[in-house]
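*Asks:* based on what follows, work out the 3D shape:
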Amino acid sequence: MPTAAILPTHTPGLFNQAVLETAKLLRSGGVAAVPSETVYGLAANAFSPEAVRGIYRAKGRPSTNPLIVHVATAAMARACASDWPNLAETLARHFWPGPLTLVVPKSSMIPDIVAAGGQTVGLRWPSHAFFQSLIRECGFPLAAPSANPSDQLSPTTAEHVMAGLGQRIPLIVDAGPCAVGIESTVVDVTGQRPRILRPGIISADQIAQATGWIADEPIQDPEGPLRSPGQLSRHYSPKARLEIWSWESDAELWDRVTRESIPPEQLFVLTHSRVPEEPIPAQISFIPDDPEAFARALYGYLHECDDRGAQLVVIEKLPTGSAWGGIRDRLQRASAPARRVG
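*Replies:* Predicted structure coming up:
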């Protein structure tokens with residue numbers, strides 16, 4: 001089976017050529033992996049049910065999990081919404097273009113398959129230059145979940161996309177590593193107060209400062225459709241078992257590591273508070289406790305662990321605070337027990 005073609009974008013000429021070739025594919029009803037500031041997305045024409053089915057097929061994504069629709073103008077956003085609440089306008093003014101998705105009542109232009117049968121749609125105006133140029137060239141919004149097999153790690157480089165979907169899609173656009181590194185914050189603005197459905201790098205504190213409202217807890221009807229992606233209990237998961245630990249000393253970490261009885265080359269530990277001063281029988285990595293730097297590096301680190309055959313990945317318990325909410329959410333879902341089948 002042929003592998004995906006990769007289009008580079010590192011010169012103005014290559015960038016423009018990639019925009020034109022990708023837009024041609026998407027106008028014909030195809031799918032393509034494209035870069036954004038959050039993670040790489042698998043894009044298709046959001047107004048075409050058949051094109052969107054191509055996303056679900058390539059990812060093996062459940063049809064009950066809705067897609068985010070990406071726009072590049074305010075007019076395009078409003079065409080996708082049957083109503084544009086004041087909260088949506090406020091948050092769009094503060095954070096668009098950027099890593100924020102707004103859940104609004106969907107218009108008749110949005111097919112049911114995009115919304116997983118629901119009456120709302122998540123809209124985002126990305127800040128990535130290629131993604132913006134592509135949407136404008138297409139002239140229609142793009143549905144684009146992360147460009148990875150369903151439930152697995154999101155990709156933050158073209159190489160990650162190739163490893164996961166290279167045999168299933170025709171085209172990958174390579175614009176280097178993603179600047180944010182985790183998926184967008186998703187906020188439901190259909191009520192009086194904002195509800196954060198999926199935390200991200202834009203924090204609850206920032207949402208509150210912009211709107212004057214502390215975000216309500218999300219409400220999900222267990223029998224109703226999901227209003228946003230990223231709400232499944234297990235998601236964003238590496239192949240290895242992932243656990244969150246805290247420890248008071250190098251000796252305590254050494255003791256816990258050795259009790260796992262895993263070869264040191266297959267046990268990976270990611271710390272943020274300090275590098276152990278004593279030798280630990282594991283592969284130790286360090287990311288400073290800055291949430292933006294941590295988010296930018298996290299998925300790349302987990303992909304590397306998978307590539308190196310990790311059995312167990314340990315991540316030091318994160319600091320408290322709203323700024324870490326999105327990363328805590330991803331690690332909680334990534335470390336959740338696998339669902340039983342049958």
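
*Asks:* ok, Gly166 touching Pro2?
*Replies:* No: under the criterion of Cβ atoms under 8 Å, Gly166 is not in contact with Pro2, lying 9.4 Å apart. Backbone N, C-alpha and C define where each C-beta goes, glycine included.

*Asks:* how is this structure divided into domains?
*Replies:* Under the assignment automatic domain parsing, the domains of the chain span 5-183, 241-334.

*Asks:* to Ser228, which of those domains lies closest?
*Replies:* domain 5-183 (5.6 Å; Cβ to Cβ).

*Asks:* start and end of the closest one, how far apart?
*Replies:* The first and last residues of domain 5-183 sit 25 Å apart, counting by Cα to Cα, to the nearest Å.

*Asks:* the more surrounded of Gly166 and Pro2?
*Replies:* Using other Cβ atoms under 10 Å, the more surrounded residue of Gly166 and Pro2 is Gly166, with 18 against 7.

*Asks:* so how far is Pro288 from that one?
*Replies:* Distance, Gly166 to Pro288, by Cβ to Cβ, to the nearest Å: 33 Å.

*Asks:* can you pull out the helices in the stretch 51-200 of the chain?
*Replies:* Counting by DSSP state H, counting those that start in this stretch, the segments of the stretch 51-200 of the chain that form helices are 74-79, 86-95, 129-138, 158-165.

*Asks:* can I get those in TSV with mean neighbour count, mean pLDDT and distance to Glu243?
*Replies:* Putting those into TSV (neighbours: other Cβ atoms under 10 Å; pLDDT from 0 to 100; distance: least, Cβ to Cβ, whole Å) gives the following:
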stretch	mean neighbour count	mean pLDDT	distance to Glu243
helix 74-79	16	97	40
helix 86-95	18	97	33
helix 129-138	20	98	34
helix 158-165	23	97	22
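
*Asks:* in JSON lines: those helices, plus distance to Pro66.
*Replies:* Conversion of the helices of the stretch 51-200 of the chain to JSON lines gives the following (distance: least, Cβ to Cβ, whole Å):
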{"stretch": "helix 74-79", "distance to Pro66": "17"}
{"stretch": "helix 86-95", "distance to Pro66": "17"}
{"stretch": "helix 129-138", "distance to Pro66": "19"}
{"stretch": "helix 158-165", "distance to Pro66": "20"}
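
*Asks:* which stretch among those helices approaches Arg61 most closely?
*Replies:* If you check each of the helices of the stretch 51-200 of the chain against Arg61 by Cβ to Cβ, helix 158-165 wins as the nearest, at 11.5 Å.

*Asks:* which residues touch the closest one?
*Replies:* Residues lying outside helix 158-165 but in contact with it, judged by Cβ atoms under 8 Å, 6 or more residues apart in numbering, are 3-4, 6, 33, 35, 40, 42, 58-59, 147-149, 152-155, 172-175, 299-300, 303.

*Asks:* do the same with stretch 247-254
*Replies:* Counting by Cβ under 8 Å, 6+ apart, stretch 247-254 makes contact with Trp245, Arg256, Val269, Pro276, Glu277, Glu278, Ile280, Pro281, Glu316, all of which sit outside it.

*Asks:* what sits against the nearest residue to Arg296 once chain neighbours are set aside?
*Replies:* Taking Cβ to Cβ, 6 or more residues apart in numbering, and ignoring the residues beside it in sequence, Arg296 has Gly181 as its nearest neighbour in space, at 3.9 Å. Neighbouring residues of Gly181 by Cβ under 8 Å, 6+ apart: Thr38, Val39, Thr156, Ala295, Arg296, Ala297, Leu298, Tyr299, Gly300.
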